[in-house]
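Q: Could you work out the structure for the sequence below:
(one chain, ligands or ions: 1)
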Amino acid sequence: MIPRVAILISGGGSNMVRLVEAMQAEGFATPVLVASNDAAASGLDRAAKLGVPTAAIDHRPFGRDRAAFEAELLKPILAAAPDVLCLAGFMRVLTPEFVGRFAGRMLNIHPSLLPKYPGLHTHQRALDAGDTEAGCTVHEVTPVLDDGPILGQARVAIEPGDSADTLAARVLVQEHRLYPAVLKRFASGERTPLLLG
Ligand code: GRF
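A: Next up is the predicted model:
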């Protein structure tokens with residue numbers, strides 16, 4: 001049985017596009033929904049052009065009531081009946097209750113070599129620390145932010161003169177390699193981390 005995959009985005013969805021294209025090209029899973037917390041997310045148009053059903057639930061009307069926002073977000077997700085939920089540039093923190101509904105079958109890509117630099121501004125923090133390398137991590141999502149079991153990592157050398165933007169651009173290229181490869185392994189039941197150079 002080929003796993004059904006839903007993807008959550010907040011913006012351009014470049015990682016989502018690579019995931020959908022890989023699933024459509026290789027058939028290891030079926031993209032069943034792309035949902036966003038922002039109706040203006042350009043990734044929604046990209047998903048629609050790829051033939052994937054979309055949904056948008058604006059988080060702003062719910063204010064600080066995360067549970068109320070998530071109750072609405074769950075409606076299209078549960079209707080799509082995904083086996084796996086992928087966060088791809090999704091910028092809302094999810095409650096432990098939401099995460100618990102997808103325990104063991106929810107992935108996220110984070111632009112650092114976790115456990116270094118959970119949270120935001122990862123590239124600037126690596127530069128400020130004088131690190132010689134950066135990268136990205138795909139991990140299982142658990143109630144603790146950016147903390148779940150690591151499923152894959154890709155490393156990128158930090159070059160002299162790098163800015164957060166130039167480093168982010170190089171890491172993003174590796175994200176687009178890593179995430180589809182990890183999802184394909186995850187879909188087959190493989191859980192040992194994939195380490196890309
Ligand atoms: C990427 O750097 C990703 O690591 C982070 O969000 C950024 C934008 O991702 N989670 P995308 O282009 O929307 O997939």
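Q: Could I get the full set of strands for this structure?
A: Secondary structure of the chain by DSSP state E: the strands cover 4-9, 30-36, 54-56, 84-87, 106-110, 133-140, 150-157, 194-196.
Q: pLDDT of the longest helix anywhere in the chain, averaged?
A: The single longest helix within the chain, with elements called by DSSP state H, is helix 164-187. Mean pLDDT, computed over helix 164-187, is 98.
Q: hang on, isn't residue 140 packed against residue 149?
A: Yes. Under the criterion of CB atoms under 8 Å, residue 140 makes contact with residue 149 at 4.7 Å. For the C-beta atoms, the positions are set from N, CA and C on the backbone; glycine is no exception.
Q: Nearest spatial neighbour of the residue positioned nearest the centre of the chain, chain-adjacent residues omitted?
A: The C-alpha lying nearest the average C-alpha coordinate of the chain belongs to residue 88 (CA atoms, centre = their mean; 2.5 Å). Closest residue to residue 88 apart from its sequence neighbours, by CB to CB, 6 or more residues apart in numbering: residue 15 at 3.9 Å.
Q: what's the spacing between the residue lying closest to residue 142 once chain neighbours are set aside and residue 183?
A: Among residues not flanking residue 142 along the chain, residue 148 sits closest, at 3.9 Å (CB to CB, 6+ apart). Computed as CB to CB, to the nearest Å, the residue 148 to residue 183 distance reads 15 Å.
Q: What of residue 134?
A: 22 Å.
Q: And whatever residue of the chain ends up closest to the ligand, what's its pLDDT?
A: Going by CB to the nearest ligand atom, the ligand is nearest to residue 89 of the chain, at 2.6 Å. Note on residue 89: pLDDT of 97.
Q: and what of the one 5 residues further on?
A: Confidence at residue 94, expressed as pLDDT, is 95.
Q: quick one: contacts for it?
A: By CB atoms under 8 Å, 6 or more residues apart in numbering, the contact set of residue 94 is 66, 70, 141.
Q: out of the residues you listed, which are buried?
A: Using 16 or more other CB atoms under 10 Å as the burial test, those include 66, 70, 141 as buried.
Q: and residue 26, what is it in contact with?
A: Contacts of residue 26 (CB under 8 Å, 6+ apart): residue 184.
Q: So what's the residue count around residue 117?
A: Each residue near residue 117 was counted by other CB atoms under 10 Å, and the total is 21.
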